[in-house]
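Enquirer: here's my sequence, what's the structure:
(one chain, ligands or ions: 2)
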Amino acid sequence: MSIHEILEKPEFTKSDIVQLLSASGEDEKLLFKHAASVKEKSIGTTVYLRGLIEMSNVCAKDCLYCGIRKSNSRVNRYSLDEKEVMTAIEFAYKNRYGSVAIQSGEINSPAFTDKINQILKASKKLTNGEIGITLSCGEQSEETYRTWFESGAHRYLLRIESSTEELYSKIHPNDNSHNFSRRLNALRILKEIGYQVGTGVMVGLPFQTLEHLADDLLFMKDFDVDMCGMGPYIEHKDTPLYAYKDDLLPLNERFKLTLRMIATLRIMMKDINIVATTALQTIDKIGREKAIQIGANILMPNITPGKYRDSYALYENKPCTDENADDCKNCIDVRVHLVNHQVGYAVWGDSQHFKRKQKINKKS
Ligand code: 5AD
Ligand code: FES
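Expert: Ligands and ions are numbered 1, 2, ... in the order given. Predicted coordinates:
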């Protein structure tokens with residue numbers, strides 16, 4: 001079947017998706033053009049911001065791909081205190097970002113739960129309930145997720161990393177704290193509590209095939225996610241997966257494959273929020289803008305205080321680590337306009353998909 005014929009179909013099969021993910025030349029252009037028009041028709045050309053606060057790089061986990069894994073002794077560990085986090089939130093509020101995303105290494109402790117809880121309450125107070133808050137703090141107990149939800153967090157990002165259990169177990173240690181079913185269960189609990197739930201995968205991992213990636217997109221559709229963040233896998237020399245660096249696709253291929261994943265997902269899920277991830281910018285200076293052009297609608301400008309940025313290196317050559325939040329603020333608007341989009345300031349920019357589901361639930 002031609003790409004043209006596939007794009008006409010109301011639903012894609014796994015083999016359709018594999019074909020879309022393999023598209024090159026004119027076929028790839030057709031895919032990108034179609035995804036751009038689907039986005040424009042369903043959610044328009046506004047890009048929403050989430051000021052990204054990398055709160056701590058202390059992590060209890062040991063994912064085999066991640067630069068801040070517990071066993072990497074070469075990382076300078078830091079944790080922002082509550083005041084530093086609040087300063088960043090105030091910056092986002094004053095600059096009309098609309099939302100922030102608080103990300104952290106995974107820590108399960110009453111002190112950590114409480115710290116996030118205090119920050120949530122203080123943020124709502126500081127901004128008269130106006131700032132939107134996404135959390136990305138890994139797997140937590142149902143009770144913790146509920147506490148945070150009740151204190152004002154309304155979106156949660158937890159990447160499945162791979163929806164194929166076999167691949168998941170190749171990129172994580174095989175123990176209780178890196179368990180595929182537990183992760184899946186955490187996603188289910190988040191949804192049940194009422195969060196807008198985001199997931200995602202890394203693209204171009206060792207051992208990963210196009211069939212795995214097609215299954216990842218089908219998983220997102222089936223789970224009915226509200227948001228997605230996908231980025232290219234970028235090898236980090238202080239991690240076990242670095243041993244497979246010679247088996248990887250070249251960086252520019254991983255980059256293009258990520259764009260095809262984003263475009264295909266946009267066609268499959270017309271009104272979800274899709275992030276133009278920082279990892280794309282690591283490979284291509286205007287990588288995030290390219291993602292916006294073909295389907296993404298969310299940017300996460302880094303507003304972590306400058307002095308800590310080098311230490312939050314999940315992968316190498318992360319961009320903007322030598323900048324302050326102000327520098328980034330100035331370039332965002334220009335960059336978004338360059339690709340004929342506009343920034344949605346001072347609004348939450350919630351997932352339209354989530355809102356639509358809520359309306360249907362209310363009616364029935
Ligand atoms: N390359 C790309 N992305 C990575 N992440 C972690 N390590 C890497 C890497 N080496 C991603 C994971 C995680 C998110 C916070 O960062 O998908 O969920
Ligand atoms: Fe921290 Fe994976 S290494 S969650």
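Enquirer: OK, now which residue of the stretch 101-250 of the chain is nearest to ligand 2?
Expert: Per CB to the nearest ligand atom, the residue of the stretch 101-250 of the chain with the smallest distance to ligand 2 is residue 106, at 4.4 Å. C-beta here means a position set from N, CA and C on the backbone, and glycine is covered the same way.
Enquirer: scratch that, the stretch 201-350 of the chain
Expert: Taking CB to the nearest ligand atom as the measure, the point where the stretch 201-350 of the chain comes nearest ligand 2 is residue 314, at 8.2 Å.
Enquirer: helix, strand, or coil at the residue nearest to that residue when sequence neighbours are not counted?
Expert: Distances taken as CB to CB, 6 or more residues apart in numbering place residue 67 nearest to residue 314, at 5.1 Å, with adjacent residues excluded. At residue 67 the chain is in coil, as set by DSSP: H, G, I helix; E, B strand; the rest coil.
Enquirer: count of neighbours near residue 67?
Expert: Other residues within reach of residue 67, judged by other CB atoms under 10 Å, total 22.
Enquirer: tell me the contacts of it?
Expert: 75, 236, 238, 239, 313, 314, 315, 316 (CB atoms under 8 Å, 6 or more residues apart in numbering).
Enquirer: and the pLDDT for the residue of the stretch 201-350 of the chain closest to ligand 2?
Expert: Per-residue confidence for residue 314 comes out at a pLDDT of 74.
Enquirer: ok, it - contacts?
Expert: Remark: with contacts taken as CB under 8 Å, 6+ apart, residue 314 is in contact with 66, 67, 68, 236.
Enquirer: format those as CSV; extra columns: pLDDT.
Expert: Formatted as CSV, those follow (pLDDT from 0 to 100):
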residue, pLDDT
66, 98
67, 98
68, 98
236, 98
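Enquirer: got phi/psi on the residue in the stretch 1-150 of the chain that ligand 1 sits nearest to?
Expert: Checking the stretch 1-150 of the chain residue by residue against ligand 1 with CB to the nearest ligand atom singles out residue 66 as nearest, at 3.9 Å. Residue 66 adopts backbone torsions of phi -100, psi 130, taken as degrees, to the nearest 10.
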